[in-house]
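J.: fold the following and give me the result.
(one chain, ligands or ions: 1)
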Amino acid sequence: MLTSYDQFSAQVFEAAGIEVLLVGDSVGSTVLGHASTTATTHQDMLTFTGAVARSVRRPLVVADLAFGTYETGPVDALRHGVELVRAGAEVVKLEGGAEIAPQVRALVDAGIPVFGHLGFTPQSVNSLSGHRVQGRDDAGAEKLLADALALEEAGASAIVLELVPAAVAARVTEKVGVPTIGIGAGPDCDGQVLVWQDMAGLSGFHGRFVKAFADLRGQLEQAAQQYRTEVRERSYPGAEHSFE
Ligand code: KIV
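T.: Model prediction:
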């Protein structure tokens, strides 16, 4: 799974065979310039979900329920989930454990598949005191497992585990009957997800769990410099780029 928020990245990832595209609320920080995903709105999610869904045929399109659209209860979760599905989402993802099980159940009962999200949950960055690994102590690890089981029981189809010790993620993966998808959660999850601009070396974010599989930032900068040089030298556009 990779994040995607726009037509061209979605098409490239489909061509690469990526099975699942996540229109994450990370769009707020990766595209819209906000400091945190808590600034991402439901309208943002509808706009970017539509862009991705219209651009691909094969990958599963998963969209995040934005901060503030589901914490208040199943009715709000269902209303916003339905709107995401109308925008093109095939699955919705929401953050939290046992406390949001009623919301998960309401969505699933209405025919909307749900992915859960445990561990470091970015929408709670303020109460978690920043980007910290979760479930390091015994009580935290037990709560993580209990939350994962509660999500499975409520009908979640998969669970994202973010910033969780590898051994804890492995245990959760072994105990729950639905796939886990890790980000900073070690190699034993059933799948992996990264923010695409981190994966491709565009964001310049070098967190421990990130591997940049390309240097898109460097390549783009080089291309822009070359374009500027050729325009100033008047070697671009040439006759081949001009009309008779
Ligand atoms: O919004 C997002 O990009 C996410 C991933 C970090 C899993 O939720």
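J.: tell me the mean pLDDT for stretch 82-98?
T.: The average pLDDT within stretch 82-98 is 98.
J.: check which residues of that stretch are buried.
T.: Neighbour counts using 16 or more other C-beta atoms under 10 Å place 82-85, 87-98 of stretch 82-98 among the buried residues. From N, CA and C alone the C-beta is placed, and that goes for glycine too.
J.: and for stretch 151-167?
T.: Neighbour counts over stretch 151-167 (16+ other C-beta under 10 Å) mark 151-152, 154-165 as buried.
J.: do that stretch and the ligand meet?
T.: Yes: residues of stretch 151-167 contacting the ligand under C-beta under 6 Å from any ligand atom: 160, 162.
J.: ok, which residues in the protein are in contact with the ligand?
T.: Within the chain, the residues that sit near the ligand (C-beta under 6 Å from any ligand atom) are 3, 22, 24-26, 64, 117, 160, 162, 183, 193, 195.
J.: name the nearest of those relative to residue 205.
T.: When these are ranked by distance to residue 205 (C-beta to C-beta), residue 195 comes first, at 7.8 Å.
J.: what's the neighbour count on the closest one?
T.: A total of 23 residues lie near residue 195 under the criterion other C-beta atoms under 10 Å.
J.: for it, which non-adjacent residue is spatially closest?
T.: Spatial nearest neighbour of residue 195, excluding adjacent residues (C-beta to C-beta, 6 or more residues apart in numbering): residue 3 at 4.9 Å.
J.: before we move on, what about residue 199?
T.: Nearest non-adjacent residue to residue 199, counting by C-beta to C-beta, 6+ apart: residue 213, 5.6 Å away.
J.: quick check: the gap between the one you found and residue 88.
T.: 27 Å (C-beta to C-beta, to the nearest Å).
J.: before we move on, what about residue 9?
T.: Residue 9 is 15 Å from residue 88, by C-beta to C-beta.
J.: residue 185 now?
T.: Counting by C-beta to C-beta, the gap from residue 185 to residue 88 is 28 Å.
J.: tell me the pLDDT at residue 126?
T.: pLDDT, residue 126: 87.
J.: re earlier: pretty sure the residue nearest to residue 199 sits against residue 198.
T.: No: using C-beta atoms under 8 Å, residue 213 makes no contact with residue 198, being 9.7 Å away.
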